[in-house]
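> Quick check, what structure comes out for this input:
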Amino acid sequence: MELFTLGTSSKDIKRLQERLQEFGYYQGEFTSTLDEATQNSLTNFQEANGLAADGTVGLITLNALGLLELGLTDVG
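Now for the predicted structure:
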């Protein structure tokens, strides 16, 4: 599983941004880059859903976002 850090760009980051927006946590443009806005949105999602609010996209977070069944498994 790949670990994405701030500044990393990937089509999977774009999908993450889209999904966070669908859940009402991300309001920015879809940049495909893991920026502070994306990481803050992710942390807010994690906190609101009782997950470890660490800004890291692990399997539990992917599952909570419904991204495992969509085939997004290479972010860590």
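> The residue of the chain most remote from its centre and residue 60, how far apart?
The C-alpha centroid of the chain is most remote from residue 50, which lies 15.2 Å away (Cα atoms, centre = their mean). For residue 50, the distance to residue 60 (Cβ to Cβ, to the nearest Å) stands at 10 Å. Bear in mind the C-beta positions are built from the backbone N, C-alpha and C, glycine included.
> on that earlier part again, for the residue farthest from the centre of the chain, give me the pLDDT.
Residue 50 is assigned 97 on the pLDDT scale.
> which SSE is it in?
If you go by DSSP states H and E, residue 50 is not part of any helix or strand.
> just for the chain, where's the confidence low?
For the chain, the stretches with pLDDT under 70 are 1-3, 70-76.
> And the most centrally placed residue in the chain, how far from residue 60?
What sits nearest the mean C-alpha location of the chain, by Cα atoms, centre = their mean, is residue 16, with 4.3 Å. Applying Cβ to Cβ, the value for residue 16 to residue 60 is 14 Å.
> And for residue 21?
Taking Cβ to Cβ as the measure, residue 21 falls 20 Å from residue 60.
> cool, and residue 38?
From residue 38 to residue 60 the distance is 18 Å (Cβ to Cβ).
> Looking at those two, which is more packed in?
Legend: neighbour count by other Cβ atoms under 10 Å for residue 38 and residue 60, higher for residue 38 (25 against 14).
> That one: which element?
helix 36-48.
> CA atoms of that helix as PDB?
C-alpha atoms of helix 36-48 as PDB (Å, rounded to 0.1, in the frame of the first residue of the first chain):
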ATOM      1  CA  GLU A  36      -3.700  20.900   3.400                       C
ATOM      2  CA  ALA A  37      -7.300  21.400   2.500                       C
ATOM      3  CA  THR A  38      -7.600  17.700   1.600                       C
ATOM      4  CA  GLN A  39      -5.800  16.500   4.700                       C
ATOM      5  CA  ASN A  40      -7.900  18.700   6.900                       C
ATOM      6  CA  SER A  41     -11.100  17.400   5.300                       C
ATOM      7  CA  LEU A  42      -9.900  13.900   5.800                       C
ATOM      8  CA  THR A  43      -9.100  14.500   9.400                       C
ATOM      9  CA  ASN A  44     -12.500  16.100  10.000                       C
ATOM     10  CA  PHE A  45     -14.200  13.100   8.300                       C
ATOM     11  CA  GLN A  46     -12.200  10.700  10.500                       C
ATOM     12  CA  GLU A  47     -13.000  12.500  13.700                       C
ATOM     13  CA  ALA A  48     -16.800  12.800  12.900                       C
END
